[in-house]
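Asks: coords please:
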Amino acid sequence: MIFATLEHILTHLSFSIVSIVIAIHLMILSVHEIIGLRHSSEKGMLATFFSLTGLLVIRWISSRHFPLSNLYESLIFLSWSFSIIHMVSKLWNHKNDLSTITAPSAIFTQGFATSGLSSKMDQSTILVPALQSQWLMMHVSMMLLSYAALLCGSLLSVAFLVITFRKNIDIFFRSKNLLILIKSFFFRKIEYLNEKRSVIKSTSFLSFPNYYKYQLIQRLDYWSYRVISLGFTFLTIGILSGAVWANEAWGSYWNWDPKETWAFITWTIFAIYSHTRTNQSLHGTNSALVASIGFLIIWICYFGINLLGIGLHSYGSFT
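Replies: Sure, this is the predicted structure:
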């Protein structure tokens, strides 16, 4: 009874804190002058991290097994993974470009776990025989950490594509305006000097794009690659440990189960992404497109298979 009450308190506390963090982020985006809000946001994510950590530890003690036995527990762990990625990225980069990705991701996963699932799914149950193994902690934790990192990196790639697309549209329209100025230059020789100044001004604008937007695009590309590389490493470890566990539980390293098949597809997509990063001509938009496809594949692997509730991994389904 005490453990259930503590779980209930920590669940609502972490959800409330991360909601406040998102509100603070929105205020920071609209009012850059309020510097104190940024520090409050970081403290809020730290409090969210400790609340989710306490929730997982209490559930571990009460259930006497690592809390990754069903979809509810995996969603809470995924939300915790987003918060820990936020904390690690804060140590690496004082600007913390991932903060606008990790906080909404954490509230989305936790909100779905607490309100989108049935009330019976948050109840701890006895592990099925296939999950009664020491490989549970290794395999499932690595897979969920990889999902969190790959989702964050893919969202950064999506943001990279959106900003690049808008910049190209701006350049396109300004190029059309420049062409109009050039035509008017030839038809209005009397105003030659004025038109020449306009052309030079427009040309210099195109030659030297907004520095801050360029800097943001470079940071998005940089952090997307770093976070996806980390997630790809976790995914590889998770698949390999899962193969060893499958051999112990089912007598075969690979069974082409729907979950295994889509995990292999996910690994292939991000292996292609890693290959594009080794080729200088494929950097930027091409690699970001591959990462955006990977974003959809991850959700199919994680949620799509659970919706069907088929295969050897059916214990992670919605039913």
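Asks: give the buried residues for stretch 241-249.
Replies: Across stretch 241-249, burial judged by 16 or more other Cβ atoms under 10 Å covers 241-242, 245-246. C-beta coordinates here come from the backbone N, C-alpha and C atoms, glycine included.
Asks: apologies, that question was intended for stretch 255-268.
Replies: Quick answer for stretch 255-268 (16+ other Cβ under 10 Å): 257-260, 262-263, 266-267.
Asks: now Leu55: closest residue in space, sequence neighbours ignored.
Replies: Leu10 (4.2 Å; Cβ to Cβ, 6 or more residues apart in numbering).
Asks: list of residues touching the helix or strand hosting Gly294?
Replies: Per DSSP states H and E: Gly294 is located in helix 285-299. Residues outside helix 285-299 that contact it (Cβ atoms under 8 Å, 6 or more residues apart in numbering): 147, 150-151, 153-155, 157-158, 160-161, 164, 221, 224-225, 228, 262, 265-266, 269-270, 272-273, 276-277.
Asks: the helix or strand of the chain with the lowest mean pLDDT: what's the following helix or strand?
Replies: Among the helices and strands of the chain, helix 192-207 carries the lowest confidence by mean pLDDT, DSSP states H and E, at a mean of 43. Sequence-wise, the next helix or strand downstream of helix 192-207 (DSSP H and E) is helix 211-250.
Asks: quick check: next helix or strand after that following helix?
Replies: Following helix 211-250 in sequence, per DSSP H and E, is helix 258-278.
Asks: angle of that next one against helix 211-250?
Replies: 140 degrees (axes from the mean of the first three to the mean of the last three Cα atoms, to 10 degrees).
Asks: give me the spatial nearest neighbour of Leu46, chain neighbours excluded.
Replies: Nearest to Leu46 is Met87, by Cβ to Cβ, 6+ apart, at 6.9 Å.
Asks: the one you found and Phe50 touch, don't they?
Replies: No - here Met87 does not reach Phe50: they are 10.1 Å apart, not a contact under Cβ atoms under 8 Å.
Asks: how much space between Phe234 and Gln132?
Replies: Per Cβ to Cβ, to the nearest Å, Phe234 is found 24 Å from Gln132.
Asks: scratch that, Arg166
Replies: 52 Å.
Asks: repeat for Ile126
Replies: Ile126 is 9 Å from Gln132, by Cβ to Cβ.
Asks: name the nearest of the buried residues of stretch 255-268 relative to Ser69.
Replies: Ser69 has its nearest neighbour among these in Lys259, at 15.2 Å by Cβ to Cβ.
Asks: and the pLDDT for the closest one?
Replies: Looking at Lys259, its pLDDT reads 86.
Asks: correct me, but it touches Cys301?
Replies: Yes - in this structure Lys259 lies within contact range of Cys301 using Cβ under 8 Å: 7.1 Å.
Asks: from Leu289, how far out is the residue lying closest to Ser154 once chain neighbours are set aside?
Replies: Distances taken as Cβ to Cβ, 6+ apart place Phe295 nearest to Ser154, at 3.6 Å, with adjacent residues excluded. The gap separating Phe295 from Leu289 is 11 Å, by Cβ to Cβ.
Asks: again, but for Glu260
Replies: For Glu260 relative to Leu289 (Cβ to Cβ), the value is 26 Å.
Asks: ditto for Ser62
Replies: 45 Å.
Asks: do the same with Met142
Replies: Met142 is 27 Å from Leu289, by Cβ to Cβ.
Asks: same question, Ser81
Replies: Ser81 is 25 Å from Leu289, by Cβ to Cβ.
Asks: neighbour count winner among Met142 and Leu289?
Replies: More neighbours surround Met142 than the other of Met142 and Leu289, with 20 against 17 (other Cβ atoms under 10 Å).
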